[in-house]
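*Asks:* 3D, please:
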Amino acid sequence: MAVKPKPRTILEPIAESAVDSCSSPIKSLVLSKLSDEQTLIYVGTLSGALLSYSIRHSQSAPAEISFLNRITIPGTGNGVNSIHPVVQIGKIIVHSDGFLFLLDASLAEPAKRVGLFKGVTASCRRVRSHKYGSNLYNDGGSHINHVDSSNLFAVGIGKKLVLAELILSGSLVIMKDIQGFFDGIIITLLWVGDSIFVGTKIGYYLYNCVNGQCELIFSLPDSSSVPRLKLLVRDLRVLLTVDNVGIIVDMAGQPVEGSLVFNEAPDSIREIGNYVVAARDSAVELYHKKMGCCVQRFTVSGDGTGGPCMLADEENESGKLVLVATSLKLICYGKVSGEEQIKDMLRKKSFKEAIFLVEELDSEGEMTKEMLSFIHAQVGFLLLFDLHFKEAVDHFLLSENMQPSELFPFIMRDPNRWTLLVPRNRYWGLHPPPTLLENVIDDGLTAIQRAAFLKKAGVEIAIDDEFLLNPPSSSDLLESAIENMIRYLQACRGRDLAVSVKEGVDTLLMYLYRALNCVEDMERLASSENSCVVEELEALLNDSGHLRTLAFLYAGKGMSAKALAIWRILARNYSSSIYDKDQSVESDLQDPSRHFTSGRETAANEGSKILESSSDQDLVLQHLGWIADINQVLAVQILISEKRENLLSPDEVIAAIDPKKVEILQRYLQWLIEDQDSDDSQYHTAYALLLAKSALEIYEVEISSQDSVIGMPKKEMKVSELGSSSIFESPVRERFQIFLQSSDLYDAEEVLDMIEESELWLEKAILYRKLGRERLVLQILALKLENCEAAEQYCEEIGRPDAYTQLLEMYLDPEDGRDPMFKAAVRLLHNHGEMLDPLQVFKRLSPDMPLQLASNTILRLMRARHHHHRKGQIVHNMSRALYVDASLARLEERSRHVLINEDSICDSCHARLGTKLFAMYPDDTVVCYKCYRRQGESTSVTGRDFQKDSLVKPGWLVTR
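*Replies:* A predicted model of the protein is given here:
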């Protein structure tokens, strides 16, 4: 909702002069601008006198009105009704006593009456408009060319309207005679572009000069006052009065905007800027055209005769003068500049009205962006000292040119690091110099108390009534001030500022966060990209106990050692709290989100972030221990991080890891071997031994807790009971077995020595296989693990028949008092009988083996053996046949005859062969002996190498 302007000074008198009118009331008044510094004034009186004055006004000297000349217009004494200066030709048209008179601009010569016009009731001069056309047509429709629109006049004679032109010779020529359209005597006229507004006692009419149409705008009541027309040049609108109401219409006669309601029907109406000036008797009022309210009212001292005062303006968009005339004096009023008006409002603490005026001037293009920014900042400072902190910051944010450093003195006491950055802008001197917020609040509260005392004493003072009724407390005001300062500095962080100013903004923002104990905001600022000066905040945060914020700042500024020292202290302090003693947090190395629930975990997490990107080996190893005590996953992540530029020394890392932290060492060695492709046998052996030790421990735990686990649902068994850990997803034995199979660089003997007495049979089988102890491998697979498929697969890897024989012997004679494994033996005979010698099988078959169990297998074995023998014979004979066939084909190829005549040429050098020696390749290319020696016997001219790319001709090995 728009703010209703309060009364203020818009016009102020700048010059004054007495009027030699012989106490005759003023009937007409007009201004004629000669130059930027000189304007002529023409005054017409009721007695028929015409006076001329000159007003000179400039910025360097005060305005001054001087009398020029006086002349009497001959007539019956009805007075000078209207005056129309034509500056271009130095003439004046005067309407007086029903006639038009032509005078020179200096009034040096007597008035000449224009004989063409008699009984004139109204007249006006055409106003040029760039928006509307300027072509006129006569009744016959012929076009009137080259018309200077400034010399065109409209003359009302009773009910008739006449259009005339003032030619250079100084006479009026009638251009068009219009009648039959208007009811009543024409009283007032206004010609703008192609539209002529006509006012009579009956109503207002609009005549179009182009199409000759006339429309009634609206009728007037019988008892209405004299109709008046006024062109509002700035908006190109027309004001029509109906008693004390002014209706604004456009050039088509349609009402626009709102109406103006005057206190009384005005005697004279003029325009200046966005205001309409109306005069009634000796009172002059200014109305805002858009708001419709009166913003200034003043009285001009009269002469006691009761005659009205008349007004005149410059009749252009940039006019800044309004002339007020009575029968005794001329007073020239100048428009107060927008800057001065705003300054006056701010002195009266009318902030809303001042901002309304600022916006109005800005929308009209009368205020530069720099001045707009300046005024917003000025209003902000005034509101700040009036303890309206929110509104003050709102205006600061609207000020584009205001620097954040201007508010630094309100936050930090001078002198400080940024004292020299504070611009020494005094603005308009309407507010005290900057001081700390505490002092601003104390002074403001003192002013409120003083105002309350003065108000009780009956003294009016500009103060917020809300503060008088409900005085705020100092603490509430300080909190509000800090919150709004924070809001402003937060907004400034997104601006393009100098580095030093950015440092001040972020550092003082941290000061303010700390003052309100906004821990989350402090940590958010410290952990994000910022320009805080650590030296300014170090002692402050340390003393106030905001160590986390300080640690974030250290980390952001690259002070890793100091940051880690604080996180270590915080982790130790957290560990002593009851809350963290009850925490049980599960972490996963593969989960990058890392959700932590305790203070110790948070400290370890932040410390790990620093160490992951640090290449300082001593620093990493120094803080690895306490992080590992809290979370081994984070410790591993530090060691294997890819964020650092230089890798850590493996030997130093392995030496620094606590031997009790086996899983960390295992994971680090695994990373070295698998991710870094390390081929150092020491690391491979160390990793295998660690896995072996862990596997033995897990196996012992499983054996010892077997009784307690029996009956427990599998889904309720803990991860540790299955042999896995918080670092590794897979169980230890599974990782141990995979590593033993995949690596060839560890010392198998040393690993075997560790587990040889244990029950880790599969692991021992893998190691025996590495060492080539085939029989022990088969014993473990077949007898200990009873994995027939694995045993047979191992025999396939060996590829010798004796391996299958050994396996059969183990099945038939397991030793250790065990019964023979007849089913396994039968399976072996069934799957791989062709690899066994039947004779050896019969020798090793136990007499106790049931015949019905082995008969089918033995029969199949014999048949397979016989089939294998016959198959071998077939293959042998086929191979011999192929050999004989190939030899015969080779012989035929070598004994083939070639016909060479006198036209035969070498396919390589293209020389005629004649009686030369030549050679022919299998692809039928013929070359001379010289080219043959150069090419060789295996490569032809085509480049085909017959040793690598053999040639098979149709008929070879096919027809036979």
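*Asks:* Can you give the contact residues for stretch 744-752?
*Replies:* With contacts defined as Cβ atoms under 8 Å, 6 or more residues apart in numbering, stretch 744-752 is touched by 679-681, 684-685, 687-689, 692, 740, 764, 767-768, 770-771. Bear in mind the C-beta positions are built from the backbone N, C-alpha and C, glycine included.
*Asks:* pLDDT averaged over that stretch - what is it?
*Replies:* Stretch 744-752 shows a mean pLDDT of 94.
*Asks:* and that stretch, which residues are buried?
*Replies:* 746, 748, 751-752 (16 or more other Cβ atoms under 10 Å).
*Asks:* now stretch 91-108
*Replies:* Under the neighbour-count criterion of 16+ other Cβ under 10 Å, stretch 91-108 has 91-97, 99-105, 107 buried.
*Asks:* wait, doesn't residue 764 sit right on residue 754?
*Replies:* No. At 10.5 Å, residue 764 does not count as touching residue 754 under the criterion of Cβ atoms under 8 Å.
*Asks:* Looking at those two, which is more packed in?
*Replies:* Neighbours per residue, other Cβ atoms under 10 Å: of residue 764 and residue 754, the larger number sits with residue 764, 22 against 17.
*Asks:* ok, now which ones touch that one?
*Replies:* 752, 755-756, 758, 776, 780.
*Asks:* again, only this time at 10 Å
*Replies:* 740, 751-752, 755-758, 773, 776-777, 780, 784 (Cβ atoms under 10 Å, 6 or more residues apart in numbering).
*Asks:* hang on, it in a helix?
*Replies:* Yes. Residue 764 forms part of a helix when assessed by DSSP: H, G, I helix; E, B strand; the rest coil.
*Asks:* So for it, what pLDDT did the model give?
*Replies:* What the model reports as pLDDT for residue 764 is 93.
*Asks:* do the same with residue 93
*Replies:* So residue 93 comes in at 93 (pLDDT).
*Asks:* Now name the helix or strand holding it.
*Replies:* strand 91-96 (DSSP states H and E).
*Asks:* which helices and strands sit right next to that strand?
*Replies:* strand 26-33, strand 38-45, strand 49-56, strand 80-86, strand 99-104, strand 122-125, strand 152-157, strand 160-166 (3 or more Cβ pairs under 10 Å, 6 or more residues apart in numbering; DSSP states H and E).
*Asks:* Would you reformat those as TSV and include distance to residue 528?
*Replies:* Shown next, in TSV, are the helices and strands packed on strand 91-96 (distance: least, Cβ to Cβ, whole Å):
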stretch	distance to residue 528
strand 26-33	62
strand 38-45	64
strand 49-56	65
strand 80-86	71
strand 99-104	80
strand 122-125	70
strand 152-157	72
strand 160-166	76
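*Asks:* how about the helices in the stretch 751-900 of the chain?
*Replies:* If DSSP state H, counting those that start in this stretch is used as the criterion, the helices of the stretch 751-900 of the chain fall at 761-771, 774-779, 788-798, 801-812, 822-832, 838-844, 851-894.
*Asks:* Out of those helices, which gets nearest to residue 15?
*Replies:* Across these, residue 15 has its closest neighbour in helix 761-771 (114.7 Å, Cβ to Cβ).
*Asks:* Could the C-alpha coordinates of that closest one be exported in CSV?
*Replies:* What follows is helix 761-771, C-alpha atoms only, in CSV (Å, rounded to 0.1, in the frame of the first residue of the first chain):
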residue,chain,number,x,y,z
TRP,A,761,43.3,-78.3,6.2
LEU,A,762,42.3,-76.3,3.1
GLU,A,763,44.9,-73.7,3.8
LYS,A,764,47.6,-76.4,4.3
ALA,A,765,46.5,-78.1,1.0
ILE,A,766,47.0,-74.8,-0.8
LEU,A,767,50.5,-74.4,0.7
TYR,A,768,51.4,-78.1,0.0
ARG,A,769,50.3,-77.5,-3.6
LYS,A,770,52.6,-74.4,-3.8
LEU,A,771,55.5,-76.6,-2.5
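*Asks:* relative to helix 788-798, how tilted is that helix?
*Replies:* For helix 761-771 against helix 788-798, the angle by axes from the mean of the first three to the mean of the last three Cα atoms, to 10 degrees is 10 degrees.
*Asks:* Show me how far helix 761-771 is from its chain's centre.
*Replies:* Remark: helix 761-771 is offset 63 Å from the chain centroid, using Cα atoms, centre = their mean, to the nearest Å.
*Asks:* Give me the residue at the spatial middle of the protein.
*Replies:* residue 494 (9.8 Å; Cα atoms, centre = their mean).
*Asks:* what about that residue, distance to residue 549?
*Replies:* From residue 494 across to residue 549, the span is 22 Å (Cβ to Cβ, to the nearest Å).
*Asks:* re the thing from before, possible to save the helices of the stretch 751-900 of the chain as CSV with distance to residue 212?
*Replies:* Output for these, formatted as CSV (distance: least, Cβ to Cβ, whole Å):
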stretch, distance to residue 212
helix 761-771, 116
helix 774-779, 122
helix 788-798, 115
helix 801-812, 125
helix 822-832, 120
helix 838-844, 134
helix 851-894, 119
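*Asks:* weakest of these by average pLDDT?
*Replies:* Lowest mean pLDDT within these: helix 838-844, at a mean of 70.
*Asks:* give me the number of residues near residue 674?
*Replies:* Residue 674, neighbours per other Cβ under 10 Å, totals 13.
*Asks:* That one and residue 742 touch, don't they?
*Replies:* Yes. Shown here, residue 674 and residue 742 form a contact pair, counting by Cβ atoms under 10 Å, at 9.0 Å.
*Asks:* Residue 795 - how many residues pack around it?
*Replies:* So residue 795, with other Cβ under 10 Å, has 27 neighbours.
*Asks:* And residue 479, how far from residue 438?
*Replies:* For residue 479, the distance to residue 438 equals 12 Å [Cβ to Cβ].
*Asks:* again, but for residue 332
*Replies:* Remark: distance between residue 332 and residue 438 (Cβ to Cβ) = 52 Å.
*Asks:* One more: residue 484?
*Replies:* Distance, residue 484 to residue 438, using Cβ to Cβ: 15 Å.
*Asks:* Next, format the buried residues of stretch 744-752 as CSV and append distance to residue 943.
*Replies:* Conversion of the buried residues of stretch 744-752 to CSV gives the following (distance: Cβ to Cβ, whole Å):
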residue, distance to residue 943
746, 51
748, 52
751, 56
752, 57
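*Asks:* May I have the phi/psi pair for the nearest residue to residue 681 once chain neighbours are set aside?
*Replies:* With sequence-adjacent residues excluded and distances taken as Cβ to Cβ, 6 or more residues apart in numbering, residue 681 is closest to residue 745, at 4.6 Å. Dihedral pair for residue 745: phi -100, psi -10, per degrees, to the nearest 10.
*Asks:* next one: the one 3 residues further on
*Replies:* Here is the backbone geometry of residue 748 (degrees, to the nearest 10): phi -60, psi -40.
*Asks:* quick one, which of residue 332 and residue 438 is more surrounded?
*Replies:* Neighbours were counted for residue 332 and for residue 438 using other Cβ under 10 Å; residue 332 has more, 25 against 14.
*Asks:* State the number of residues packed around the closest residue in space to residue 820 that isn't next to it in sequence.
*Replies:* Sequence neighbours aside, residue 812 is the residue nearest to residue 820 in space, at 5.1 Å (criterion: Cβ to Cβ, 6+ apart). Each residue near residue 812 was counted by other Cβ under 10 Å, and the total is 18.
*Asks:* Could you do residue 635 as well?
*Replies:* The number of residues packed near residue 635 is 28, by other Cβ under 10 Å.
*Asks:* would it count as being in a helix?
*Replies:* Yes. Under three-state DSSP, residue 635 sits within a helix.
*Asks:* what about stretch 394-402, how long is it end to end?
*Replies:* In stretch 394-402, first residue to last residue: 12 Å (Cα to Cα, to the nearest Å).
*Asks:* try stretch 328-348
*Replies:* Termini of stretch 328-348 sit 35 Å apart (Cα to Cα).
*Asks:* Could you tell me how far that stretch lies from the centre of the chain?
*Replies:* Stretch 328-348 sits 45 Å away from the centroid of its parent chain (Cα atoms, centre = their mean).
*Asks:* Stretch 731-748 now?
*Replies:* 54 Å.
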